[in-house]
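> Okay, here's the prediction I keep looking at, along with the sequence it came from:
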Amino acid sequence: MGKIKSLVILSTIDRALRAHNCQGNSKHRINSGDIRLKVKNGRSWDHYCSLCAGKILEADISKLTELQSASLA
């Protein structure tokens, strides 16, 4: 059997080493030591604050659940 493909791109949760703005909303500040969502974007990474990360994860879980139920119908 061949390698199974994934719809989920490389992402992880880590702690910011320095302060910077969230890439989901520039008004959200990620301070040094804050937990953030780190998502692979080509050769670099996008970083999201915990508030934006929660919204992204909820939306993606909903989309995947909907896709799964549609494919099983």
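Thanks, I have the structure now.
> what about Q68, helix or strand, and which?
Assigned by DSSP states H and E, Q68 falls within helix 50-72.
> Quick check: which helices or strands does that helix pack against?
Contact here means 3 or more C-beta pairs under 8 Å, 6 or more residues apart in numbering; DSSP states H and E; on that basis helix 50-72 packs against strand 35-41. Backbone N, C-alpha and C define where each C-beta goes, glycine included.
> Show residues contacting the helix or strand that comes right after the strand it packs on.
Downstream of strand 35-41, the first helix or strand assigned by DSSP H and E is strand 44-48. For strand 44-48, the surrounding residues in contact (C-beta atoms under 8 Å, 6 or more residues apart in numbering) are 16, 20, 22-24, 30, 36-39, 56.
> Any chance of CSV for those residues, columns distance to V8, pLDDT and neighbour count?
Listed next are those as CSV, based on distance: C-beta to C-beta, whole Å; pLDDT from 0 to 100; neighbours: other C-beta atoms under 10 Å:
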residue, distance to V8, pLDDT, neighbour count
A16, 22, 98, 17
H20, 24, 98, 15
C22, 21, 98, 21
Q23, 18, 97, 18
G24, 18, 96, 17
I30, 22, 98, 22
R36, 18, 98, 23
L37, 13, 97, 23
K38, 14, 97, 17
V39, 10, 96, 16
I56, 12, 95, 15
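> what's the nearest residue to H47 if we skip its chain neighbours?
Closest residue to H47 apart from its sequence neighbours, by C-beta to C-beta, 6 or more residues apart in numbering: R36 at 5.1 Å.
> The one you found reaches A16, doesn't it?
Yes: with contact defined as C-beta atoms under 8 Å, R36 and A16 form a contacting pair (5.4 Å).
> Check the residue lying closest to I9 once chain neighbours are set aside and give its pLDDT.
Residue nearest to I9 in three dimensions, not counting chain neighbours: K40, with 5.7 Å by C-beta to C-beta, 6+ apart. On pLDDT, K40 comes in at 95.
> please renumber so the chain begins at 7
Noted, 7 is the first residue going forward, which turns the last one into K46.
> Right, I'll call it a day here.
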